[in-house]
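In: generate a structure from the sequence data that follows.
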Amino acid sequence: MAVNLDNDRFYVEKVEVPVDSDDEFQYEEVLVDEEIVSPELDEDLDAAVRTIREANEEAEARVLRETVTRPTIVQKPEVVDDFVRNFLVKMGLMKTLDCFQTEWYELQERGFLRQDMIGTVPDVYTQNLELENEIVFLKNEAMKFRNAAAEAKDIYAKLRKQRDFHRMHHNRVVQEKNKLIDDIKRLKKHYAQYAPNMEALKVRYEAAIKEKMLASLERDRALNQLHELQDSVKHLEISKDEPKRMVEEKAKGPTHKQLLQERQKQVPEADNMEMQILPGFKRFVNDSDFPIDNGINPDLNPDKCSANRTGGFHLANTITAHSHAISGIALHPNKQILATCSDDQTWKMWAVPSGEIIMTGEGHTDWVSDCSFHPSGSTLATTSGDSTVKIWDFSKAACVHTFIDHGAVVWTCSWHSCGDFLATSSMDNTAKVWDINSLRCRYTLRGHVDSVNSIEFLPYSNTLLSCSADKTVSLWDARMAICAQTFFGHMYSVNHATFNMKGDMIASCDSFGVVKLWDVRSVAPMASFETGPHPANKMRFDPSGSVLAVASSDSTIKMYDIESAQIYSLLGHEDAVQCLCFHRGGEYLISGGSDSTVRIWC
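Out: Next up is the predicted model:
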């Protein structure tokens with residue numbers, strides 16, 4: 001601010017104050033999720049800028065108000081005669097005043113005083129007074145601007161300090177960021193060195209697991225041979241106990257070997273009937289014979305009951321088995337091993353209930369729909385959306401055969417108790433019975449008019465149970481591929497049907513969640529209940545036959561007590577439950593769902 005002198009007038013000159021430039025400072029970009037800002041400094045900066053702005057606005061408003069609203073005083077300058085009169089009166093020259101007035105008016109009357117000769121006399125006093133007032137006003141304004149400039153200087157100094165602080169903070173953040181980037185790069189490089197080792201360890205682990213499995217199979221085979229030798233020695237040494245032993249074996253039920261021997265001794269009437277019904281039937285050398293259907297189930301024990309009641313199960317373990325939905329599970333007939341298949345085109349074997357992986361199988365080109373262990377436990381059958389059925393041999397750790405006769409998706413598979421036949425159901429409206437020895441399709445079951453959704457052998461029997469999207473459930477004689485009985489009553493597509501352990505009761509469920517119980521002997525419905533409106537996907541009876549477990553698409557398992565007709569729900573899955581099975585002794589229940597997990601309920 002400066003004050004200049006020009007024609008005896010003072011005025012305020014506007015001077016630009018130089019401001020430090022920040023152009024010479026190069027800021028680096030900081031890529032952080034949340035910008036770090038000091039709240040106190042940010043508030044002080046905003047307050048300072050706001051104060052300066054308000055002060056400037058107030059000063060401008062004051063100047064404008066004083067300039068516009070201050071009343072304008074118009075003063076007429078005195079004429080010469082009035083000035084003389086005032087001067088004479090002020091000096092007390094009254095006689096001179098009288099003489100001046102006499103002469104002035106006399107000349108004015110005569111007309112000797114021209115108007116251009118009579119001018120005004122500037123009032124220097126009034127002018128000086130105005131100038132003094134203006135000087136006082138300007139001094140006050142100068143004092144206000146000086147105070148505002150001093151305040152702005154203080155604020156500017158404060159802002160410079162804050163700017164320096166933020167500069168240091170920015171530099172510190174940049175240094176920390178660069179340090180973290182270097183650490184991350186070093187860690188990535190460090191962990192990248194472990195990837196090959198992890199892959200090698202994974203391969204070695206899988207190889208060790210396979211060797212362990214093969215060794216276990218070899219051990220079981222050796223133990224079986226040892227037991228057979230011991231039995232032969234005992235048979236030779238203790239011949240007198242033969243009647244007692246025969247009684248005990250009869251109580252246990254015939255073995256597969258005994259059934260085959262008895263089959264070879266006599267010509268079954270069923271085969272003769274089959275030859276008469278199908279005169280064009282061509283027998284292959286390696287074709288298997290169906291065992292005699294004597295209705296004896298050695299696994300059936302009247303004293304066996306489920307270890308848990310319907311409401312007594314609780315979640316014991318969760319296994320994240322696959323990357324996609326789990327479509328089928330099966331328990332090993334002799335060991336604590338579980339097989340799972342999934343929409344990720346693979347099947348896996350797990351140790352239960354620990355959840356340790358044993359083996360992985362890959363070979364299908366589409367999702368794997370179901371799996372089933374051979375009664376001996378040495379092979380596994382899988383069905384898939386690629387319309388194929390594959391047989392996997394654990395001793396070779398590979399697929400040993402693929403059946404390709406189905407024309408559409410293959411839904412389920414089921415082994416005959418003798419292990420020589422495999423039944424499958426397909427979306428091509430048919431079910432097929434495969435001969436494992438001759439590796440060919442023995443029979444095609446035709447009768448359903450829509451997709452056959454499930455197929456199941458009655459244990460130790462030649463009876464097959466199928467259900468279809470045509471809303472029916474059918475019983476078949478596997479030896480002749482003849483439909484023996486059809487159950488009607490469902491209003492929607494039947495998703496699954498299963499036998500109880502005795503074989504005198506059938507349970508079926510449909511896509512609306514309706515579950516029906518059928519009496520096989522009277523061919524009549526026994527009971528019906530709903531778990532919908534969500535579809536019921538699969539069902540299993542417990543070993544005692546008193547509890548029915550239903551896998552539902554509402555992410556629950558419905559436990560139905562047949563005697564009391566009460567329903568309980570097991571909660572745990574996060575998506576639809578697709579499959580389930582009971583342990584042979586009823587000790588626990590295993591389920592698989594669309595949430596890619598296997599859950600064990602005890």
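In: show the contacting residues for residue 462.
Out: With contact set as Cβ atoms under 8 Å, 6 or more residues apart in numbering, residue 462 has these partners: 290-291, 293, 416, 477-479. Bear in mind the C-beta positions are built from the backbone N, C-alpha and C, glycine included.
In: pLDDT weak spots in this structure?
Out: Scanning the chain for pLDDT under 70 picks out the ranges 1-45, 63, 65-78, 115-117, 119-123, 125-126, 238-283, 295, 301-311.
In: how does it divide into domains?
Out: Annotated domains of the chain cover 31-75+123-192, 78-110 [automatic domain parsing].
In: buried sites along the last one?
Out: In terms of neighbour count (16 or more other Cβ atoms under 10 Å), domain 78-110 has its buried residues at 78, 81, 84-85, 88, 97, 104.
In: for residue 224, state which of these is nearest.
Out: Using Cβ to Cβ, residue 78 is the member of the buried residues of domain 78-110 that sits closest to residue 224, with 145.9 Å.
In: quick revisit: can I get the domains of the chain in a markdown table with distance to residue 321?
Out: Compiled in a markdown table, those are given as follows (distance: least, Cβ to Cβ, whole Å):
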| stretch | distance to residue 321 |
| --- | --- |
| domain 31-75+123-192 | 27 |
| domain 78-110 | 116 |
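In: farthest pair in the buried residues of domain 78-110?
Out: Longest distance between any two of these is 15.7 Å, between 78 and 97; criterion Cβ to Cβ.
In: which residues touch stretch 397-404?
Out: By Cβ under 8 Å, 6+ apart, stretch 397-404 touches 210, 214, 359, 361, 363, 379, 387-393, 424, 432, 434, 439, 441.
In: kindly recompute the last result at 10 Å.
Out: Stretch 397-404 is touched from outside by 206-207, 210-211, 213-214, 359-364, 379-384, 386-393, 410, 413, 422, 424, 432, 434, 436, 439-441, with contacts defined as Cβ atoms under 10 Å, 6 or more residues apart in numbering.
In: now the buried members of the residues you listed.
Out: 213, 359, 361, 363-364, 379-384, 386-392, 410, 413, 422, 424, 432, 434, 436.
In: among the residues you listed, which lie within helices?
Out: Within those, residues falling in helices by DSSP state H are residue 213.
In: among the buried ones among the contacts of stretch 397-404, which are in strands?
Out: Secondary structure from DSSP state E places 359, 361, 379-384, 389-392, 410, 413, 422, 424, 432, 434 of the buried ones among the contacts of stretch 397-404 in strands.
In: list the contacts for residue 515?
Out: Contacts of residue 515 (Cβ under 10 Å, 6+ apart): 490, 496, 507-509, 527-532, 536, 539, 548, 550, 552, 558, 560, 567.
In: rerun that using 7 Å as the cut-off
Out: Applying Cβ atoms under 7 Å, 6 or more residues apart in numbering, we find residue 515 in contact with 507, 509, 528-529, 531, 536, 539, 550.
In: repeat for residue 60
Out: Under the criterion of Cβ under 7 Å, 6+ apart, residue 60 has no neighbours.
In: quick check, it in a helix?
Out: Yes: assessed by DSSP: H, G, I helix; E, B strand; the rest coil, residue 60 belongs to a helix.
In: mind checking how far it is from residue 143?
Out: Taking Cβ to Cβ, to the nearest Å as the measure, residue 60 falls 17 Å from residue 143.
In: and if you look at residue 470?
Out: Residue 470 sits 104 Å away from residue 143 when distances are taken as Cβ to Cβ.
In: okay, the two: which has more neighbours?
Out: residue 470 (18 against 10; other Cβ atoms under 10 Å).
In: wait, that one sits on residue 450?
Out: Yes: contact criterion Cβ atoms under 7 Å: residue 470 and residue 450 qualify, at 4.0 Å.
In: max-length helix in the chain?
Out: Under DSSP H, the chain gives helix 124-192 as its longest helix.
In: who does it touch, helix- and strand-wise?
Out: strand 9-13, helix 39-69 (3 or more Cβ pairs under 7 Å, 6 or more residues apart in numbering; DSSP states H and E).
In: may I see the buried residues of stretch 194-213?
Out: For stretch 194-213, a neighbour-count test (16+ other Cβ under 10 Å) marks 209, 213 as buried.
In: so what touches it?
Out: Counting by Cβ under 7 Å, 6+ apart, 358-359, 394, 397 sit against stretch 194-213.
In: so what's the gap between that stretch and the chain middle?
Out: Remark: stretch 194-213 is offset 29 Å from the chain centroid, using Cα atoms, centre = their mean, to the nearest Å.
In: okay, it in PDB with CA atoms only?
Out: Below are the C-alpha coordinates for stretch 194-213, written out as PDB (Å, rounded to 0.1, in the frame of the first residue of the first chain):
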ATOM      1  CA  TYR A 194       7.900 -71.900  -3.700                       C
ATOM      2  CA  ALA A 195       5.300 -72.500  -6.500                       C
ATOM      3  CA  PRO A 196       7.400 -75.200  -8.200                       C
ATOM      4  CA  ASN A 197       8.200 -76.900  -4.900                       C
ATOM      5  CA  MET A 198       4.500 -76.800  -4.000                       C
ATOM      6  CA  GLU A 199       3.500 -78.400  -7.300                       C
ATOM      7  CA  ALA A 200       6.200 -81.000  -6.900                       C
ATOM      8  CA  LEU A 201       5.000 -81.800  -3.300                       C
ATOM      9  CA  LYS A 202       1.400 -82.000  -4.500                       C
ATOM     10  CA  VAL A 203       2.300 -84.500  -7.200                       C
ATOM     11  CA  ARG A 204       4.400 -86.500  -4.700                       C
ATOM     12  CA  TYR A 205       1.500 -86.400  -2.200                       C
ATOM     13  CA  GLU A 206      -1.000 -87.600  -4.800                       C
ATOM     14  CA  ALA A 207       1.400 -90.400  -5.800                       C
ATOM     15  CA  ALA A 208       1.900 -91.300  -2.200                       C
ATOM     16  CA  ILE A 209      -1.900 -91.400  -1.600                       C
ATOM     17  CA  LYS A 210      -2.300 -93.700  -4.700                       C
ATOM     18  CA  GLU A 211       0.500 -95.900  -3.500                       C
ATOM     19  CA  LYS A 212      -1.100 -96.100  -0.100                       C
ATOM     20  CA  MET A 213      -4.500 -97.000  -1.600                       C
END
